[in-house]
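# whatever this is, show me its structure:
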Amino acid sequence: MTKTNTAPDAPADTRLMGIIHEALRRDLRRTRAALTETPAPDRHQREALAGHLGWMMQFLHAHHRTEDEGLYPMVRARDPHAAVLLDQMHDQHTAIAPAIAAVNSALRTTSSLTTGTTISASSSVRRSTGSKTSCCPICAARRTRSCPSSPLRSPTASCAAGTTTPTSDPSRCASSDAKATGSSMDSPPGTAASSSTWSRPVPRFVLLYGFACSYRRQRAECWGTTTTARRDVQKEGYIEAVVDAVPEAVWDIVRDPTRVGEWSHECVGADWLGGATSAAPGARFRGSNRSGLFRWGRVCEVTKVGHWELVWRTVPTRFYPDSSEWRIALQPVEGGTRIEQTFRVLKAPRFLEPIYATLVPNHRDRTEALTTDLRRLGALAARATTTIAAGPT
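Okay, the predicted model is just below:
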């Protein structure tokens, strides 16, 4: 787990800020989609959307005010050379203010969110927040040494730490953080902005589990998704990705399980067991895994090594009585390689399934995270090919 550096002279850690902005943009996109779909949302859903949209505007206004009145003056005093950049960020806040006001006005004056005024205004907010957080110098400035590591806390950060601000409702605040984590309750965990890479264990546990029921209820009211939490894990899957790397380069990585930590979102490393040094039927290795708060290791056994094909299974034990089979196969295609990955559960006691689904929610649907793994694997192989082609420097 990466720990946030809170030393006075350390660069600011802006990952949380990026996650929160992405959550805001995502829900603004959802709002527009819900208001323009056919059939139109019913009264109950419109009221839920109005409440959530109003809260987002309140949150965004409070966040901007905190920066304009607290953070930016501190940075300006510490580094006068940052004045031009700070003025640009302040101007962005000023530019988005009319759109926020227009949304709030529409929410006050109409009971129906299907009006063009609300849709247009919320789209303006979404575009403005998108332009802000996609501007590299903005986030880069907050990572430089001209920016204090933790001079202020946004309403969401304060909420996660157990405090509140006058402009924030704690339950809504925590719900927004839960949405932004991209974990058990919404976005797939394979996303790079997952909070599992930075959040402290206790706040993360509270956000993911303490507010899960409330969040799922609010999500269902706004977006019409189910409120029933899945209590099962994905038992089989097929994933593929075409990568810009030759099969030989990809195979060099795949056939060495000790390199899995370089491209897997969950398996952080592996070591050969019993004197094995390469993949062959019967060879065993121990993989070390991490998902959120949980860490575990599994002994795996290679069952097949073919032409650009590797198959292995997790070995059942008294403590881990389940077993799954994994397969990776490569096919050359024009301009690169098609990587195919399949998995299937071979053995799993029924009583363990809801436990695994709760403790490791990423396993409820693994498709997107595993697809990202394959793309990461391809990029790693492509870099290796480029390095070899370039030769020694």
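
# okay, the closest residue to residue 365 other than its chain neighbours: pLDDT?
Closest residue in space to residue 365, ignoring its immediate chain neighbours: residue 234 at 5.7 Å, by Cβ to Cβ, 6 or more residues apart in numbering. All C-beta spots, glycine's among them, are computed from the backbone N, C-alpha and C. Confidence at residue 234, expressed as pLDDT, is 88.

# and residue 234, that's in a helix?
No: counting by DSSP: H, G, I helix; E, B strand; the rest coil, residue 234 falls outside a helix, being coil.

# who's in contact with it?
363, 364, 365, 366, 367 (Cβ atoms under 8 Å, 6 or more residues apart in numbering).

# roughly how far does it sit from residue 358?
14 Å (Cβ to Cβ, to the nearest Å).

# which residues touch the helix or strand hosting residue 372?
Using DSSP states H and E, residue 372 falls within helix 367-390. Applying Cβ under 8 Å, 6+ apart, the contact partners of helix 367-390 are 188-191, 234, 237, 239-241, 243-246, 249-250, 252-254, 262-266, 336-337, 339, 341, 362.

# so which of the residues you listed belong to helices?
249, 250, 252, 253, 254 (DSSP state H).

# what about the last one, how many residues nearby?
Which is residue 254. 23 (other Cβ atoms under 10 Å).

# go on, the second one?
By the criterion of other Cβ under 10 Å, residue 250 has 27 neighbours.

# surely it is in contact with residue 331?
No: taking Cβ atoms under 8 Å as the definition, residue 250 is not a contact partner of residue 331, at 10.4 Å.

# who touches both of these two?
With Cβ under 8 Å, 6+ apart as the test, residue 250 and residue 331 both reach residue 337.

# any idea how many residues pack against the closest residue to residue 260 other than its chain neighbours?
Residue nearest to residue 260 in three dimensions, not counting chain neighbours: residue 267, with 4.8 Å by Cβ to Cβ, 6+ apart. Neighbour count of residue 267, defined by other Cβ under 10 Å: 19.

# pLDDT and neighbour count added to the contacts of residue 234, as JSON lines?
Shown next, in JSON lines, are the contacts of residue 234 (pLDDT from 0 to 100; neighbours: other Cβ atoms under 10 Å):
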{"residue": "363", "pLDDT": "88", "neighbour count": "18"}
{"residue": "364", "pLDDT": "87", "neighbour count": "18"}
{"residue": "365", "pLDDT": "87", "neighbour count": "15"}
{"residue": "366", "pLDDT": "91", "neighbour count": "20"}
{"residue": "367", "pLDDT": "89", "neighbour count": "13"}
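
# next up, the contacts around residue 305.
Contacts of residue 305 (Cβ under 8 Å, 6+ apart): 255, 279, 280, 281, 311.

# from residue 280, how far out is the first one?
Read it as residue 255. In terms of Cβ to Cβ, residue 255 sits 10 Å off from residue 280.

# do the same with the last one
As judged by Cβ to Cβ, residue 311 and residue 280 stand 12 Å apart.

# the helices in this protein, which residues?
With DSSP H, the ranges of helices along the chain come out as 15-36, 43-66, 72-78, 83-109, 116-133, 136-143, 155-160, 170-180, 201-205, 212-223, 247-254, 353-359, 367-390.

# nearest to residue 323, of those helices?
Closest approach to residue 323 among the helices of the chain (Cβ to Cβ): helix 353-359, 13.1 Å.

# let me see the mean pLDDT of that closest one.
Helix 353-359 comes out with an average pLDDT of 83.

# tell me which residues in it are buried?
Residues of helix 353-359 classed as buried by neighbour count (16 or more other Cβ atoms under 10 Å): 353, 356, 357.

# over to stretch 45-53?
For stretch 45-53, by 16+ other Cβ under 10 Å, it's 45, 46, 48, 49, 50, 52, 53.

# report the contact partners of the fourth one.
To tie it back to what came earlier, the one meant is residue 49. 31, 34, 35, 41, 113, 222 are the contacts of residue 49 under Cβ under 8 Å, 6+ apart.

# make CSV out of these and add pLDDT.
Shown next, in CSV, are these (pLDDT from 0 to 100):
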residue, pLDDT
31, 84
34, 82
35, 80
41, 80
113, 52
222, 85
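
# name the nearest of these relative to residue 97.
residue 31 (19.1 Å).

# any regions of the stretch 1-150 of the chain where pLDDT drops low?
Across the stretch 1-150 of the chain, residues meeting the criterion (pLDDT under 70) sit at 1-13, 109-150.

# that should have said the stretch 201-350 of the chain, apologies.
Ranges of the stretch 201-350 of the chain meeting pLDDT under 70: 204, 208-209, 212-213, 225-231.

# try it again at 90.
201-235, 291-294, 335, 348-350 (pLDDT under 90).

# before we move on, back to that, for the residue nearest to residue 260, name its beta-bridge partners.
Beta-bridge pairing for residue 267 (DSSP bridges): residue 289.

# and it, how far from residue 303?
Per Cβ to Cβ, residue 267 is found 18 Å from residue 303.

# and for residue 289?
Counting by Cβ to Cβ - residue 289 and residue 303 are separated by 20 Å.

# which of those two has more residues huddled nearby?
Neighbours were counted for residue 289 and for residue 303 using other Cβ under 10 Å; residue 289 has more, 18 against 15.

# need the contact list for that one.
By Cβ under 8 Å, 6+ apart, the residues touching residue 289 are 266, 267, 268, 295, 296, 297, 298.

# is the residue nearest to residue 235 when sequence neighbours are not counted in a bridge, and if so with what?
Distances taken as Cβ to Cβ, 6+ apart place residue 345 nearest to residue 235, at 4.3 Å, with adjacent residues excluded. Following DSSP bridges, residue 345 is listed with bridge partners residue 324.
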